[in-house]
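> Fold the following and give me the result.
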Amino acid sequence: MRREIDEPVEIAEYDRRWPVWFEQDAAEVRQALGSAVHSVEHFGSTSVPHLSAKPIVDILVALVSWPLGRAERLALEDLGYEYFGEAGVPGREYLRRRTAHATNLAVVACGSTLVVDNLAVRDYLIAHPTVARSYGDAKRAAWNQGARSLLQLSRAKAELVGRLLLDARAWRKAGTP
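Model (predicted):
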């Protein structure tokens, strides 16, 4: 039986284990998917040093051919990932695993806007620690004001994420720090 996508969340201070967990999980995903994988990237707030985040490692899996094939999906399910389909984001297949640490997979087509935009936001936040700190503060404030589930928190920060995306796109287009 498939669980609902919504789940309780918290906001945690940056944890130096997040990049380590990413490397472990990414190696498993690469091995499970083999030549279907174009790239595997750490993205989301856990990929930005010193940024407060939901303690869930987000992994962007860009496939050579999208969507995820049955064999590849089963290989990820064998690793303990639960499949949720597009889960409200066209062009992305969402999987999650909740074991010793929490991991989300966003499976997308290589070169897609989802790859470009997510990596632009990550890189923008890394290059702009003051902006990243403000973003972390805003997430914590939303959580403190009652956005205690995944969907509530996503809605609470949607406008801010939209502005971050526009800033990241402009920054990337300008090619300047």
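
> most centrally placed residue in this structure?
The residue lying closest to the centre of the chain (CA atoms, centre = their mean) is D58, at 3.4 Å.

> Retrieve the pLDDT associated with it.
With respect to pLDDT, D58 has a value of 98.

> and if you look at W18?
98.

> Roughly how far does the residue lying closest to it once chain neighbours are set aside sit from R122?
The shortest distance from W18 to any non-neighbouring residue, by CB to CB, 6 or more residues apart in numbering, is to T46 (4.1 Å). C-beta: built from backbone N, CA, C; applies to glycine. Distance, T46 to R122, by CB to CB, to the nearest Å: 10 Å.

> These two: which is more packed in?
Counting neighbours by other CB atoms under 10 Å for T46 and for R122 shows that T46 has the greater number, 27 against 22.

> State the pLDDT value of that one.
For T46, the pLDDT comes out at 98.

> Counting neighbours, which bits of the longest helix belonging to the chain end up buried?
Assignment by DSSP state H gives helix 150-174 as the longest helix of the chain. Neighbour counts over helix 150-174 (16 or more other CB atoms under 10 Å) mark L150, Q152, L153, A156, K157, L164, D167, A168, W171, R172 as buried.

> List the residues that contact the second one.
When the contact criterion is CB atoms under 8 Å, 6 or more residues apart in numbering, the partners of Q152 are G146.

> 10 Å instead, please
D6, P8, V9, A142, W143, Q145, G146 (CB atoms under 10 Å, 6 or more residues apart in numbering).
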